[in-house]
Structure formats: structure tokens, C-alpha cells
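# After the sequence you'll find the predicted model.
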Amino acid sequence: MAGSNGKQKTVRSMLLSLGVTALAAGSAYLFIPHDDHAPDLKRVDYRVELLTARRAAAYPVAAPQGLPDTWKATSVRYQADRNDRWHLGFQDPEGQYVAVEQSTQDSADFIDDASQGAHATEVTQKIDGRTWTRYTGGRYDALVLKGPRGSTTVVAGTASFDRLTAMAQALTTS
């Protein structure tokens, strides 16, 4: 019977250790702050990059004009060495992503990259007298416009087609 007393102490010690560990984990959960919300993205000023791109690019560079302040510019870049690639990213009023992408790169490769692999549909829409083609995909939806001087414009993102259209309507090249 001497052996069973040792097993009881081992089981009791394990249960006490488990209880202390659970208490420590519960305390950590209660006292360490945790936030399930996405971080607030900082607004960027894209005016300097836009002026640079408009001077250097081989095509008319587009940027929105007249969007409400609820649209927040979050990223911008112009890459002359990558087929005059222009990128301008926004967070729309519902917190969805909308990007304006332009380039003189081969249009099929550029559209695939800018739209995250979205595929062309049969649906087109007229925006300011120009015909845009809708693309749908698993990650992004997009509106695509083949423009002057071998350039392609893609308005893509996680936002609805209504928001993508609002961005496309706001685009100007001057």
C-alpha cells in the first residue's frame, strides 16, 4: 500500500500545478490589454509624388479630385523603373481598400497583378464617356480602362463596385 500513497501525491501535485497555471493564464488574459480592431491607418499626402509622376510618366497620370474627406489616402508610390508604375491606395468610408494603379507594362500582366488575379467579365460601364471593363476575383474586384500611349488604368480593391465606380468617376489627369 505504500505505492498508492505516492501516486496520490503525484496526482494531487499535478492538479495543483494545473490550477496555478490556469489561474496565471486567466489573470494574464484579464490584465493584458487586447484590441480586436484593425489599426487606424495614417492619412498620407500624395501631392508631391503625384506632381513627380505627372512630370515623368509617358501617359496622363490619374488621381481623384473632389472625394469627401471620409476617403483616406493610405499609400502612394511612383516607380519609373517599373514601366512608369503609379499606385495610389485609399481606405473608403466603410474601411474597404481601393487602389488606383496605372502602368505602361503589358496590359494582361499588369491587370493580373493590379487586380490580384481577377478575371474579366462581359460587363462594361461608361464613366465620363470612357468604357471600363469589370473584373471579378477572389480577393479584389476591379474596373479596367485601357488608355492612351499604351497605358492601362486599374481601380481595384475590396470595396464594392459602387465604391470602385465612385473612385473612377473622381479620377482626373490634370
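Perfect, thanks for sending it. Numbers count the residues shown, from 1 in each chain.

# Can you give me the distance of the spatially most central residue of the chain to Thr74?
The chain has Tyr97 as the residue nearest its centroid, 4.5 Å off, counting by Cα atoms, centre = their mean. Tyr97 is 8 Å from Thr74, where distance means Cβ to Cβ, to the nearest Å. All C-beta spots, glycine's among them, are computed from the backbone N, C-alpha and C.

# Tell me the secondary structure of Val20, please.
Secondary structure assignment for Val20 (DSSP: H, G, I helix; E, B strand; the rest coil): helix.

# For Glu49, which residues are in contact?
Going by Cβ atoms under 8 Å, 6 or more residues apart in numbering, Glu49 touches Val76, Arg77, Tyr78.

# measure it to Ala28 for me?
Distance from Glu49 to Ala28, by Cβ to Cβ: 44 Å.

# hang on, the earlier thing: in PyMOL, how would I select the buried members of the contacts of Glu49?
To isolate the buried ones among those in PyMOL, judged by 16 or more other Cβ atoms under 10 Å, type:
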select buried, resi 76+78
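
# of the contacts of Glu49, closest to Lys9?
For those, the residue nearest Lys9 by Cβ to Cβ is Arg77; the value is 66.0 Å.

# Let me know the secondary structure of the nearest residue to that closest one once chain neighbours are set aside.
Leaving aside its sequence neighbours, Arg77 sits nearest to His87 (Cβ to Cβ, 6 or more residues apart in numbering; 5.0 Å). What three-state DSSP gives for His87 is strand.

# returning to that earlier point: pretty sure the residue nearest to the centre of the chain is in contact with Val155, am I right?
No: here Tyr97 lies out of contact with Val155, judged by Cβ atoms under 8 Å, at a distance of 11.3 Å.

# ok, what's across the strand from the residue nearest to Arg77?
Bridge pairing for His87 (DSSP bridges) gives the partners Arg77, Glu101.

# just checking, it touches Ala99?
Yes: assessed by Cβ under 8 Å, His87 is found in contact with Ala99 at 6.4 Å.

# Counting neighbours, go ahead and name the busier of those two.
Counting neighbours by other Cβ atoms under 10 Å for His87 and for Ala99 shows that Ala99 has the greater number, 23 against 20.

# sorry, back to before: and for His87 and Ala99, which residues touch both?
Jointly contacting His87 and Ala99 under the rule Cβ under 8 Å, 6+ apart are Ser75.

# Low-confidence stretches in this structure?
Within the chain, the stretches with pLDDT under 70 are 1-8, 34-39.

# all helices for it, in order.
Along the chain, counting by DSSP state H, helices occupy 2-31, 47-56, 107-114, 161-170.

# Thank you, goodbye.
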